[in-house]
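Visitor: give me coordinates for this.
(one chain, ligands or ions: 1)
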Amino acid sequence: MFGLPSKKSLAALLGSVVLSLSVSTQAAEFNLKVGHVLAPTHPYQLGLEKFCKLVDEKTAGAVKVQAFHSSQLGNEREMIEGLQLGTLDMTLVSTAPLSGFSSKFLVFDLPYIFKTRKGAHATVDGPVGKEILDTLEAKGIIGLAYWENGFRHVSNSKQALLNPAEMKGMKIRTMENKIHMGSFKVLQADPTPMAFGELFTALQQKVVDAQENPLPVFFTSNFFEVQKHISLSGHFYAASPFLVSKAVWQGIPPKYQDAIRQAAMEARDFERGLIEKMDNDLVQELKAKGVTVSEVDKNLWAQAMAPVYAEYEKTIGKDVIEKVREK
Ligand code: EAX
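Guide: Below is the predicted model:
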């Protein structure tokens, strides 16, 4: 028969029980929520899950963050407003809707302002990017880092599309951004601004013929089910600022603020790596799902969209455009 456990093994068992209880029940000093609009399988979510783990580790459990995908905490404009009101702690959004809060972000929305991922990172991670991100502080928002959505491509339900002239009359959903809309208006397309959460249904019901997003968004939101043609135009580069409510931020001690900033930087590099890998892998996966994937002459598209620069040169500043434009 089994003998009674020794005093030593009982003490070891008791110690491990106390330890596990202390870790699992240790109440965090700060419980924060971060929201975004993309799918649970998108690098936004995967990067945020990494971020949440890093924050927990770096603050020894004092700060815990939960990530909410698929517009559970609102669409991008609503979440940015929530930061200003202090009703939402954090959000990860594309730069496009931010131009409605700080017009300095408009420069990032110009078509083909960036040519390469490396060039985009060098600018947004450098002094210009910081200067623009810091304009949000006056609006009640703190910017931690630029994550990545990526280069955006046009998809549609009608035809394989190679030339910008073929966009004429195409009803295309755009983000709520006047340069995005203006860039498609010069192609004589018919842009409709719409929150991301409404887009799949609008495509399914043919309310719009087309949309534009990076491949990771197109794939993880299953747009291949309702869009059979994608043209690799890469017309806009979408950086994704990671934002915190200033009202919430001011209540967090500096040592935890530093830990959160470090975690945002480390998770940024992880998230950017996932986007790049998906960009490389998804063309084949989309073809396998029956999507026509067309390479296009980007110079042709850039020339066709170029008039939007003249339209916004005065608002943005020629000097700012030249400072940001990747040579
Ligand atoms: O930031 O709305 C969009 O098309 C964006 O890609 C989305 O908001 C992710």
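
Visitor: is residue 172 in a helix, a strand, or coil?
Guide: strand (DSSP: H, G, I helix; E, B strand; the rest coil).

Visitor: please disregard the earlier target; I meant residue 208.
Guide: coil.

Visitor: just checking, what packs against the helix or strand where residue 77 lies?
Guide: Take DSSP states H and E as the rule and residue 77 turns out to sit in helix 76-85. Packing partners of helix 76-85 (3 or more C-beta pairs under 8 Å, 6 or more residues apart in numbering; DSSP states H and E): strand 90-92, strand 141-156, strand 229-245. (Glycine included, C-beta is placed from N, CA and C.)

Visitor: after the shortest one comes which helix or strand?
Guide: Put plainly, it is strand 90-92. helix 117-124.

Visitor: packing partners of that next one?
Guide: Packed against helix 117-124, as judged by 3+ C-beta pairs under 8 Å, 6+ apart, are the following elements: strand 141-156, strand 229-245, helix 254-288.

Visitor: now render the ones you listed as CSV, adding mean pLDDT and distance to the ligand.
Guide: Shown next, in CSV, are the helices and strands packed on helix 117-124 (pLDDT from 0 to 100; distance: least, C-beta to the nearest ligand atom, whole Å):
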stretch, mean pLDDT, distance to the ligand
strand 141-156, 98, 5
strand 229-245, 98, 6
helix 254-288, 98, 12
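
Visitor: among the ones you listed, single out whichever gets nearest to residue 207.
Guide: Proximity to residue 207 (C-beta to C-beta) singles out strand 141-156 among those, at 13.3 Å.

Visitor: what is the orientation angle of that closest one with helix 254-288?
Guide: Angle, strand 141-156 to helix 254-288, by axes from the mean of the first three to the mean of the last three C-alpha atoms, to 10 degrees: 0 degrees.

Visitor: quick one: strands adjacent to strand 141-156?
Guide: strand 210-213 (antiparallel), strand 229-245 (antiparallel) (DSSP bridges).

Visitor: okay, those strands, which one's buried deepest?
Guide: Highest mean neighbour count of the strands paired with strand 141-156: strand 210-213, a mean of 27 (counted as mean count of other C-beta atoms under 10 Å).

Visitor: and the helix or strand just after that strand, what other elements does it pack with?
Guide: Sequence order places helix 215-220 as the next helix or strand after strand 210-213, per DSSP H and E. Packing partners of helix 215-220 (3+ C-beta pairs under 8 Å, 6+ apart): strand 141-156, helix 254-288.

Visitor: quick one, the first one and helix 76-85 angle?
Guide: Right, the one you point to is strand 141-156. Going by the same axes, to 10 degrees, strand 141-156 makes 180 degrees with helix 76-85.

Visitor: for stretch 170-190, which positions count as buried?
Guide: Within stretch 170-190, the residues that count as buried by 16 or more other C-beta atoms under 10 Å are 170-187, 189-190.

Visitor: of these, which belong to helices?
Guide: Mapping the buried residues of stretch 170-190 onto helices (DSSP state H) picks out 178-185.

Visitor: pick the one among those closest to the ligand.
Guide: Comparing those against the ligand with C-beta to the nearest ligand atom picks out residue 180 as the nearest, at 9.3 Å.

Visitor: now the spatially closest residue to that closest one that is not a sequence neighbour: how far from residue 84?
Guide: Closest residue in space to residue 180, ignoring its immediate chain neighbours: residue 174 at 4.3 Å, by C-beta to C-beta, 6 or more residues apart in numbering. For residue 174, the distance to residue 84 (C-beta to C-beta, to the nearest Å) stands at 24 Å.

Visitor: what does the stretch 1-150 of the chain have sitting close to the ligand?
Guide: Residues of the stretch 1-150 of the chain lying near the ligand by C-beta under 6 Å from any ligand atom: 37-38, 76, 93-94, 149.

Visitor: closest one of these to residue 108?
Guide: The closest of these to residue 108 turns out to be residue 94 (C-beta to C-beta; 9.2 Å).

Visitor: ok, residue 210 touching residue 171?
Guide: Yes. Counting by C-beta atoms under 8 Å, residue 210 touches residue 171, with 6.9 Å between them.
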